[in-house]
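Engineer: the sequence and its predicted three-dimensional model are supplied below.
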Amino acid sequence: MEKNSKIIVTGHQGMVGSAVLKALKQNEFKNVIGISRSDVDLTNQADTLSLLKKTKPDYMIIGSAKVGGIMANSTYPAQFLYDNIMIQANLIHSAYQVGIKKLLSLGSSCIYPKFANQPMKEEELLTGLLEPTNEPYALSKIIGIKLCDYYYKEFGCQYISAMPCNLYGYGDNFHLDKSHVIPALMRKFHDAVEMDLPSVTCWGSGSPLREFLFVDDLADALLFIIENFKGPGFLNVGSGDEVTIKDLAQTIAGIAGFKRKIIWDIDKPDGTPRKVLDSTKLNSLGWTHSNSLDTGLRKTYDWFLKNQDLYRK
């Protein structure tokens, strides 16, 4: 990408989109446009096409998505599947119609089968059944990957995808019922300290293994990928560092200053028992992450402390 290339980042007010926007500006890209939900309804194809015709971007990074944790996916499966399919389909097809040079679509590690071989290589896609607790979101992201592949195959479009592991960081959603595991745990332990609670209850057994990536590292990876990777296909983006949910909870409890009892509610679902990406393909191109889990968690918690009024509604 040239420094004066016109680049659209959709979902720029979300955690990932805002990090990408920040990274582009730090790398002195001069013509960056952020697109949010208030600018256009991306589930509406006519409105999406109209926006791209007006802005005429050279490149696009798709950060828009309807996201949430296990509870949100289980409660709103139809909304998660429909909204995410429409967002991706409209953006990818409209990008083709207006002649965007290159498009990078963001997916998720939940695309892989529940019992995929670990660490998960890109070749594990569609080799088994998905984890039921996040199946709607996973299905929509698989469709996004395949749309990019098929537009490459049929029309020669340079549309590619990136599949990050579990993300966290600045601008995350700390709502107790709608957030992912790290912000949910931070909120729980912070509130417990404030209210002087004797214990905190966490979902599941705490035994599943997960891999986490700080969102600024993902933004750096996405810029690297769009500059250095040619399609078709997609790349895993992970840290390679695994942690049990129980150890993660204890680490976050320590950061938040919670020193009392942690109770594990084994009647609640654990999700996939182990989920770690094989990021060899991306690493072989020359990219690795910069922030350790402890460093990223502390940066995120500091951000939460400064912005927690946003989550007191």
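Structural biologist: Looks like it arrived, so ask away.
Engineer: could you pull out the buried residues of stretch 103-110?
Structural biologist: L103, L104, S105, L106, G107, S108, S109, C110 (16 or more other C-beta atoms under 10 Å). (Each C-beta comes from the backbone N, C-alpha and C, glycine too.)
Engineer: so who does the third one touch?
Structural biologist: Each residue near S105 by C-beta atoms under 8 Å, 6 or more residues apart in numbering is listed here: I62, Q88, L91, I92, G144, I145, L147, C148, Y159, I160, S161, A162.
Engineer: returning to what we had before: and the buried residues of stretch 103-110, which two are furthest apart?
Structural biologist: Farthest-apart pair in the buried residues of stretch 103-110 is L103 and C110; separation 21.3 Å (C-beta to C-beta).
Engineer: tell me where the stretch 101-250 of the chain has strands.
Structural biologist: With DSSP state E, counting those that start in this stretch, the ranges of strands along the stretch 101-250 of the chain come out as 102-106, 158-164, 166-168, 199-203, 209-214, 234-237, 242-244.
Engineer: what stretches of the chain score poorly on pLDDT?
Structural biologist: Scanning the chain for pLDDT under 70 picks out 69, 311-313.
Engineer: so which bits of the helix or strand in which I262 is found are buried?
Structural biologist: In this assignment (DSSP states H and E), I262 forms part of strand 261-265. Across strand 261-265, burial judged by 16+ other C-beta under 10 Å covers I262, W264.
Engineer: among the strands of the stretch 101-250 of the chain, which comes closest to F304?
Structural biologist: strand 166-168 (10.5 Å).
Engineer: ok, that closest one: who's next to it in the sheet?
Structural biologist: Partners of strand 166-168 in the sheet, by DSSP bridges, are strand 209-214 (parallel).
Engineer: how close does F80 sit to L51?
Structural biologist: Per C-beta to C-beta, to the nearest Å, F80 is found 23 Å from L51.
Engineer: rewinding a little: what packs against the next helix or strand after the strand holding I262?
Structural biologist: Note on strand 261-265: by DSSP H and E, the next helix or strand toward the C-terminus is strand 274-275. Where contact means 3 or more C-beta pairs under 8 Å, 6 or more residues apart in numbering; DSSP states H and E, strand 274-275 is packed against strand 209-214.
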